[in-house]
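*Asks:* Predicted structure and sequence below. I'll ask about it afterward.
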Amino acid sequence: MADQNHNSPAFTIDLDQAAQAWESIKSAKQIAIISHRHPDPDTVGANLALRSALTKAGLQIQSFCVDAPPETCQFLEESACYQKNFQPENFDLIISVDCGGIEQVAFQKQFPDIFKSNFINIDHHASNQLFGTINIVQTNLSSTCEIIYQLLHFWELPVTTDISNYLLFGLYYDTGSFMHPNTTPTVLEIASDLVRLGARLDLITKSLFQNFTENKFHLWGQILEKIKVTAEGNAAAAIPHQDLVKHQAGSEELSGLTNYLSMVKGSKFAVMVSEEETGQIRGSLRSVSGDVDLSKLAQSLGGGGHRKASGFSLEGKITEHPFWTIQQN
Ligand SMILES: [Mn+2]
């Protein structure tokens, strides 16, 4: 049998920044961990994993996000711990997880000076502006949860069963259920280690996939009926706000649709644009194959993200006739 000791993964994170981060954490009295707006399983998993590990190490932690975690995260222990009433003066250290840009932190709108305080920025998005005083930004890694996995080992903090579940949730989500090209051999080794430590892959998949309401099927049915597929096999869906109203659905009911669109045979990428009530259009771009850099396309529309998954928002509305058109304000 091979050596079963998994306590020393090959570190690929910036160990100098990781060591500085630990010094900063150890000396902090009150620590805030911030997840990005419209939180997803990676930012929630990373937040709760770090929170659990640092709390067990005797530190005082509170978790914040401007938006509540989505329903898919509610099976996680501690998912209800998030607070919205962030007061930076109550903390001597702020940590952001999976925030791919300053605007993702969202609290800086209210408190523009928060990046001037002790601020650890942990993320894996290429768009990250290194806004922290310490930056652990690893664009080569699948997820922020993969970074946290390395950090906990480097800091010699135990990966307990609850933490293994949080980390696997983010890892599984950000690799598109281990289908995206960021599913490296290391990702699968980490996933294996986390399952061995007690992570519940069955509950994770159930929460992410067995959650369709009848309304969501009807909404998706209506959207799928009207998708456009180009000669190259790229699929596009546009969802005017009235479709959501008709099915009494929120924008969270669209989660997963772009991945679904990229199942078109031969597709290089898929795009979904949806209109929010506010006159804001959110765009989501996904690629499962093909050598396309969607972060550049998103950036040209004022957004950002990864090569294979990115997004943008525009002000405007979607009109249906004669073809789907975005009317920018
Ligand atoms: Mn992520």
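*Replies:* Structure received. All of these numbers come straight from a predicted model, not from anything done at the bench.

*Asks:* Now the nearest residue to Glu252 once chain neighbours are set aside. Its backbone dihedrals?
*Replies:* Of all residues not flanking Glu252 in the chain, Pro70 sits nearest, at 5.3 Å (CB to CB, 6 or more residues apart in numbering). Bear in mind the C-beta positions are built from the backbone N, C-alpha and C, glycine included. When read as degrees, to the nearest 10, the backbone of Pro70 gives phi -70, psi 170.

*Asks:* Share the number of residues neighbouring Pro70, please.
*Replies:* Look at Pro70: counted by other CB atoms under 10 Å, it has 18 neighbours.

*Asks:* Would you mind measuring from Leu141 to the ion?
*Replies:* From Leu141 over to the ion the distance is 9 Å, taken as CB to the ion, to the nearest Å.

*Asks:* That residue should be in a strand, yeah?
*Replies:* No: counting by DSSP: H, G, I helix; E, B strand; the rest coil, Leu141 is not part of a strand but coil.

*Asks:* I'd guessed it sits against Leu151; true?
*Replies:* No: judged on CB atoms under 8 Å, Leu141 makes no contact with Leu151 at a distance of 11.1 Å.

*Asks:* Leaving aside the residues adjacent along the chain, what's closest to whatever residue of the stretch 151-300 of the chain ends up closest to the ion?
*Replies:* The stretch 151-300 of the chain approaches the ion most closely through Asp174 (4.6 Å), counting by CB to the ion. Once flanking residues are discounted, Asp174 sits nearest to Ser143: 3.6 Å by CB to CB, 6+ apart.

*Asks:* What parts of the protein come near the ion?
*Replies:* Asp42, Asp98, Ser143, Thr144, Asp174 (CB under 5 Å from the ion).

*Asks:* Quick check: the two most widely separated of these?
*Replies:* Asp98 and Asp174 (8.6 Å; CB to CB).

*Asks:* Quick check: neighbours shared by these two?
*Replies:* Residues within reach of Asp98 and of Asp174 at once, by CB atoms under 8 Å, 6 or more residues apart in numbering, are Asp40, Asp42, Ser143, Thr144.

*Asks:* Let me have these in a markdown table, extended by secondary structure, pLDDT and neighbour count.
*Replies:* Shown next, in a markdown table, are the shared contacts of Asp98 and Asp174 (DSSP: H, G, I helix; E, B strand; the rest coil; pLDDT from 0 to 100; neighbours: other CB atoms under 10 Å):
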| residue | secondary structure | pLDDT | neighbour count |
| --- | --- | --- | --- |
| Asp40 | coil | 94 | 20 |
| Asp42 | helix | 98 | 28 |
| Ser143 | coil | 98 | 28 |
| Thr144 | helix | 98 | 34 |
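
*Asks:* Which of the residues you listed sits closest to the ion?
*Replies:* Of those, the one sitting nearest to the ion (CB to the ion) turns out to be Asp42, at 3.4 Å.

*Asks:* And for whatever residue of the stretch 201-329 of the chain ends up closest to the ion, the neighbour number?
*Replies:* Residue nearest to the ion within the stretch 201-329 of the chain (CB to the ion): His306, separated by 8.3 Å. Using other CB under 10 Å, the number of residues around His306 comes to 24.

*Asks:* show me the contacts for it.
*Replies:* Applying CB under 8 Å, 6+ apart to His306 gives the contacts His125, Ala126, Asn182, Leu294, Ser295.

*Asks:* what's the spacing between Cys27 and Gln20?
*Replies:* Rather than Cys, residue 27 is Ser. Per CB to CB, to the nearest Å, Ser27 is found 11 Å from Gln20.

*Asks:* Among the two, which residue is more densely surrounded?
*Replies:* More crowded of Ser27 and Gln20, by other CB under 10 Å: Gln20, with 16 against 10.
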